[in-house]
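Q: got a predicted structure plus its sequence, pasted below:
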Amino acid sequence: MLRYRSTGELHKDFHILFCNTLHYLQENFGETAVEEVLKNTAQNVYRSMYEKLLAGDTSELLEYWDYYLKRENAAYTVENFDDGIRLTVHSCPLLSHLKNSGLTPDPIACQATVIFNDSLCENSPFTAEFEKT
């Protein structure tokens with residue numbers, strides 16, 4: 001079961017705030033600060049998920065993806081393999097929200113996804129791969 005689970009009303013402007021926060025960190029404290037915040041989030045806020053990945057268990061990551069992507073009505077597929085899993089997001093809720101808000105999709109969001117996923121996989125039997133299509 002997820003250790004941390006957002007509930008209540010879904011505020012899609014969270015995505016805009018998220019990007020703006022990352023830009024603030026980057027502009028005022030540098031790229032290292034962005035990486036540190038995202039790594040600490042992946043490995044400490046989502047500690048139980050990170051610990052399960054360290055042990056080779058993807059169950060909580062799968063639950064996380066399913067819970068949050070369903071909350072945002074995302075179109076996605078998950079494939080299970082003997083040696084790992086693959087998430088394909090057919091339309092990213094964050095990028096779609098930015099576009100629907102009249103904003104340009106922000107590459108910092110994809111960079112954050114890479115850093116977060118790499119941090120989740122650090123020292124685990126898994127590697128994260130990100131492909132923007």
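A: Noted; the coordinates are in hand. Numbering: from 1, shown residues only.

Q: tell me which stretches of the chain form helices.
A: Secondary structure of the chain (DSSP state H): helices at 14-29, 31-40, 47-54, 59-71, 93-100, 107-121.

Q: could you report the distance from Ser59 to Asn28?
A: 38 Å (CB to CB, to the nearest Å). For every residue, glycine as well, the C-beta is placed using N, CA and C.

Q: looking at those two, which one has more neighbours?
A: Using other CB atoms under 10 Å, the more surrounded residue of Ser59 and Asn28 is Ser59, with 11 against 8.

Q: pLDDT score for the more buried one?
A: The model reports Ser59 with a pLDDT of 94.

Q: now do the contacts for it.
A: By CB atoms under 8 Å, 6 or more residues apart in numbering, the residues touching Ser59 are Lys52.

Q: need the helices of the chain in TSV (columns: distance to Leu87).
A: Compiled in TSV, these are given as follows (distance: least, CB to CB, whole Å):
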stretch	distance to Leu87
helix 14-29	18
helix 31-40	18
helix 47-54	14
helix 59-71	6
helix 93-100	13
helix 107-121	9
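
Q: going by mean pLDDT, which of those comes out lowest?
A: Of all the helices of the chain, helix 93-100 has the smallest average pLDDT, which comes to a mean of 87.

Q: how close does the most centrally placed residue in the chain get to Glu129?
A: Among the residues of the chain, the one closest to the centroid is Thr113, at 4.8 Å (CA atoms, centre = their mean). Thr113 sits 11 Å away from Glu129, going by CB to CB.
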